[in-house]
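**Q** got a predicted structure here, sequence first:
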Amino acid sequence: MRSAPSKFPKTLLRGCNENLIEFGDIPQLARLFGALAEPTRLKLLLAINAAGRLGATECVKASGLSQGRTSVHLSCLAGCGLIAVERVGRRKYYRIADPAIPDILQLARLHVQAATTTINECQSAQPTAS
């Protein structure tokens with residue numbers, strides 16, 4: 001296994017030299033990365049992370065989609081454990097569910113910065129439509 005580039009902060013690499021993935025975890029990891037692979041869901045996750053907490057109306061604005069389509073994407077993110085939903089009266093608020101998620105997003109951003117050309121040339125992995 002190749003080691004991570006040295007520009008990754010050591011705090012984000014805790015445990016990366018241990019057994020990274022067990023074969024039994026692959027189906028769940030594939031579902032998690034599938035949720036992250038959809039551009040609207042990623043946009044929503046980043047907006048929620050930046051704000052700390054967003055109401056449903058703000059999520060619709062952040063997604064640029066209808067309330068119904070946004071709700072489907074939020075349900076997926078919640079179903080995968082990426083966001084948590086809090087009800088206050090009739091309103092719903094969304095927040096990051098796990099403190100490790102910002103680290104995952106940061107590692108992904110660092111990888112994209114280091115491998116932008118390669119990623120842009122990849123013909124196999126294409127984002128899905130909303």
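**A** Nice, I can see it.
**Q** and the strands in the chain, which stretches?
**A** For the chain, strands defined by DSSP state E occupy the ranges 54-55, 83-88, 91-96.
**Q** dump those to a markdown table, plus distance to F23.
**A** C-beta coordinates here come from the backbone N, C-alpha and C atoms, glycine included. A markdown table is the format used below for these (distance: least, Cβ to Cβ, whole Å):
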| stretch | distance to F23 |
| --- | --- |
| strand 54-55 | 36 |
| strand 83-88 | 28 |
| strand 91-96 | 28 |
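**Q** export those to TSV and tack on mean pLDDT and mean neighbour count?
**A** What follows is these, written out as TSV (pLDDT from 0 to 100; neighbours: other Cβ atoms under 10 Å):
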stretch	mean pLDDT	mean neighbour count
strand 54-55	97	18
strand 83-88	96	14
strand 91-96	97	17
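**Q** nearest to G68, out of those?
**A** When the strands of the chain are compared for distance to G68 using Cβ to Cβ, the nearest one is strand 91-96, at 14.1 Å.
**Q** need the contact partners of that closest one.
**A** Residues from elsewhere that reach strand 91-96, judged by Cβ atoms under 8 Å, 6 or more residues apart in numbering: 44-45, 48-49, 52-56, 59, 74, 77-78, 82-87, 102.
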